[in-house]
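> Model the structure of this input:
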Amino acid sequence: MTVAANKLNRSINTRSAKGERARARLKSAALVVLEREGYHRMRIADVTREAGVAQGLFYHYFSDLKTLTIEVLEDFINPAQDVEDIERGVERGDWFGRIYAHNLLVVSSYARRPGVMRCLLQMADEEPAFSALLRESYREQLMWLVKLLPKMFPDVRFKRHQALVTVYALAGIGEGLLREYFINGSDTLRAAKLSSDQLAELLSTMFYRALFLEHPPADKLKYTRNLAAMRR
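Below is the predicted model:
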């Protein structure tokens with residue numbers, strides 16, 4: 001390869017790396033603006049100003065705001081599909097710990113970015129393709145438990161659809177609570193001033209009780225230890 005060719009390759013690689021950095025800055029800025037303004041109020045000028053780049057540079061990387069927003073939202077939900085990463089450090093037999101790890105990820109997402117979570121729901125209502133992607137992401141989050149239920153409770157002889165509906169029903173326990181607490185800002189709920197850890201523990205305790213028909217081990221609990229007294 002000639003010296004000129006080497007210089008050309010280095011130049012292309014430099015431009016490519018620089019371009020990726022600019023693209024990443026725009027996406028990071030869009031996440032901030034989505035949280036602050038919401039999708040319907042966000043403008044290209046808001047994003048480029050937040051990113052600290054010229055407004056004309058936007059169209060070099062994205063065709064429109066919707067394209068950018070969907071890509072940002074997809075990146076936002078991707079970590080929820082990595083079960084190994086979510087459960088890192090949790091023993092396989094620690095069912096409460098595994099459930100808690102998944103709930104903590106969801107609660108933390110709501111707590112950190114309630115505006116973005118609102119945008120997720122809005123975009124799902126408006127864009128069928130994104131709605132399908134969001135539903136598939138949610139399904140993937142639950143399938144690890146759907147696949148395990150027949151092994152955990154062999155005497156039940158779970159049919160696949162029974163396991164699926166059971167897990168979906170249990171997972172839906174906290175959806176309304178999180179929307180009211182973080183997105184709608186219910187004064188009644190917010191008065192409790194719960195931390196993300198406390199909310200995740202509460203949801204996990206309810207999930208565990210419904211699934212195993214018993215209270216989680218006391219040594220795993222702080223906020224909900226007293227709920228063990230809820231027996232008939």
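
> rest of the way, CA atoms for contacts and neighbours
Will do.

> Which parts of the protein are helices?
With DSSP state H as the criterion, the chain has helices at 3-37, 44-51, 58-61, 65-77, 83-86, 95-112, 114-126, 128-152, 160-171, 175-178, 187-190, 196-212.

> The closest residue to Asp46 other than its chain neighbours: neighbouring residues, count only.
Setting aside the residues directly before and after it, Asp46 is nearest to Val33 in space (Cα to Cα, 6 or more residues apart in numbering), at 6.9 Å. Residues near Val33, counting by other Cα atoms under 10 Å, number 23.

> can you check the one 5 residues further on too?
By the criterion of other Cα under 10 Å, Gly38 has 19 neighbours.

> That one touches Met117, doesn't it?
No. Using Cα atoms under 8 Å, Gly38 makes no contact with Met117, being 10.0 Å away.

> Spell out for me which residue occupies the centre of the chain.
Nearest to the geometric centre of the chain sits Ile77, at 4.4 Å (Cα atoms, centre = their mean).

> Could I have the CA atoms of stretch 216-229 written out in CSV?
Provided in CSV are the C-alpha atoms of stretch 216-229 (Å, rounded to 0.1, in the frame of the first residue of the first chain):
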residue,chain,number,x,y,z
PRO,A,216,-39.6,-13.7,50.6
PRO,A,217,-36.8,-14.6,53.0
ALA,A,218,-36.5,-12.0,55.7
ASP,A,219,-32.8,-11.6,55.3
LYS,A,220,-33.5,-10.3,51.7
LEU,A,221,-35.8,-7.5,52.9
LYS,A,222,-35.7,-4.1,54.5
TYR,A,223,-38.7,-2.0,53.5
THR,A,224,-41.2,-4.9,53.2
ARG,A,225,-40.1,-7.2,56.0
ASN,A,226,-43.2,-6.4,58.0
LEU,A,227,-45.5,-7.6,55.2
ALA,A,228,-44.7,-11.1,56.3
ALA,A,229,-47.6,-10.6,58.7
